[in-house]
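Asker: The sequence isn't on hand, but the structure is:
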Ligand SMILES: Nc1ncnc2c1ncn2[C@@H]1O[C@H](COP(=O)(O)OP(=O)(O)OP(=O)(O)O)[C@@H](O)[C@H]1O
């Protein structure tokens, strides 16, 4: 691993005090290597935003240590500002200002900004360039926030759910931009609850749940841990999972993540496939859409927590 641009050690962040206190981050450690893309993947409320805000200097750790580009995000905030591009979930913009004017203003604050016109074109912001911020659509706000994070050519970019609410076209444009930045040597951290996004973009993924890291590794390390494949089928809801599990080899798992949607985890081989179809035949179940698929990060999360990544 090269130099670290972010180091978080045993971070605890609590909101409120006493009995009403909420522990949003509960002893989380992670590291971001220079020039890499790191994804922080977790369900709603896992503590992703709180962790990112601590790196951005907006929150103080209740306990633990956070270092960004070797500096303290709170006390060295001024020194870090020009070097770190931040995209918040809420955009952080002025309601009456026009989109492209805002971007030009932010560009002027930086010594060596990107070409604003090019960025506007890449993020498809030309059509709404004269629209006041408060009138932008959700997707336009997201794209503008991304442009504002990138315009100063930061060394490190922190993106909180950069593609939430974007249509597939805008999502792909964002992914391509992230890939280009990485090629240019920029370090990126992004939070997401989309496993496809983490799988496609990230060199390193931290899966977090309830304020803690529950698994970490490259996407292929994570998905090849435990089960390599997943068998899926659809059938009537509420099948007897215990009976099905009893028919399967030791080490297999059976879940019904959504009503009528079944998932079998474990060593998926021809014998197991035959066992499942035989069980279905014996129980009068016609298995629809039966498919063997590569194990995904979504499956990893389900295996580790018994819950789904997305609500
Ligand atoms: N200002 C606050 N005051 C009290 N509790 C808070 C505050 N901000 C967040 N929390 C709580 O802290 C926990 C973690 O929230 P956080 O926003 O960091 O999660 P997240 O992983 O980013 O979630 P999401 O994917 O929904 O954005 C949640 O239980 C949330 O309700």
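Answerer: Great, that's in hand. Computed from a prediction, not measured in an experiment: that's the story for all the values here. Numbering: from 1, shown residues only.
Asker: quick one: residue 241 from residue 295, how far?
Answerer: 19 Å (CB to CB, to the nearest Å). C-beta coordinates here come from the backbone N, C-alpha and C atoms, glycine included.
Asker: which of these two has more neighbours?
Answerer: When neighbours are counted by other CB atoms under 10 Å, residue 295 comes out ahead of the other of residue 241 and residue 295, with 19 against 13.
Asker: I'd like the distance between that one and the ligand.
Answerer: Here the distance between residue 295 and the ligand works out to 23 Å (CB to the nearest ligand atom, to the nearest Å).
Asker: Now do the same for residue 245: helix, strand or coil?
Answerer: Remark: residue 245 carries the secondary structure label helix [criterion: DSSP: H, G, I helix; E, B strand; the rest coil].
Asker: which residues does it contact?
Answerer: With contact taken as CB atoms under 8 Å, 6 or more residues apart in numbering, residue 245 is in contact with 252-254.
Asker: Neighbour count, secondary structure and pLDDT for those - can I get that in TSV?
Answerer: Conversion of the contacts of residue 245 to TSV gives the following (neighbours: other CB atoms under 10 Å; DSSP: H, G, I helix; E, B strand; the rest coil; pLDDT from 0 to 100):
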residue	neighbour count	secondary structure	pLDDT
252	19	coil	86
253	18	strand	85
254	21	strand	91
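Asker: got CSV for these, with distance to residue 143 too?
Answerer: Formatted as CSV, the contacts of residue 245 follow (distance: CB to CB, whole Å):
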residue, distance to residue 143
252, 44
253, 40
254, 42
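Asker: Out of these, the closest to residue 147 would be?
Answerer: Within the contacts of residue 245, the smallest distance to residue 147 is 43.7 Å, found for residue 253 (CB to CB).
Asker: Return the residues of the stretch 51-200 of the chain in contact with the ligand.
Answerer: residue 193 (CB under 6 Å from any ligand atom).
Asker: where do the helices sit along the stretch 51-200 of the chain?
Answerer: Along the stretch 51-200 of the chain, the segments classed as helices by DSSP state H, counting those that start in this stretch run 77-80, 99-108, 116-122, 138-150, 168-183, 195-201.
Asker: Tell me where the protein has strands.
Answerer: 4-15, 22-33, 37-41, 63-68, 84-87, 156-160, 187-192, 204-209, 212-217, 229-234, 253-258, 261-266, 288-294 (DSSP state E).
Asker: Could you export these as CSV, including distance to residue 280?
Answerer: Output for those, formatted as CSV (distance: least, CB to CB, whole Å):
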stretch, distance to residue 280
strand 4-15, 47
strand 22-33, 42
strand 37-41, 33
strand 63-68, 50
strand 84-87, 47
strand 156-160, 43
strand 187-192, 35
strand 204-209, 32
strand 212-217, 32
strand 229-234, 8
strand 253-258, 12
strand 261-266, 10
strand 288-294, 9
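Asker: burial count for residue 118?
Answerer: Burial measure for residue 118: 9 neighbouring residues, criterion other CB under 10 Å.
Asker: Phi and psi next, for the residue in the stretch 101-250 of the chain positioned nearest to the ligand.
Answerer: Closest approach between the stretch 101-250 of the chain and the ligand, counting by CB to the nearest ligand atom: residue 193, at 5.8 Å. Dihedral angles phi and psi of residue 193 (degrees, to the nearest 10) take the values phi -110, psi 20.
Asker: from memory it sits against residue 40, does it?
Answerer: No - taking CB atoms under 8 Å as the definition, residue 193 is not a contact partner of residue 40, at 10.0 Å.
Asker: Neighbour count for these two, which is higher?
Answerer: Remark: of residue 193 and residue 40, residue 40 carries more neighbours, 28 against 19, as counted by other CB under 10 Å.
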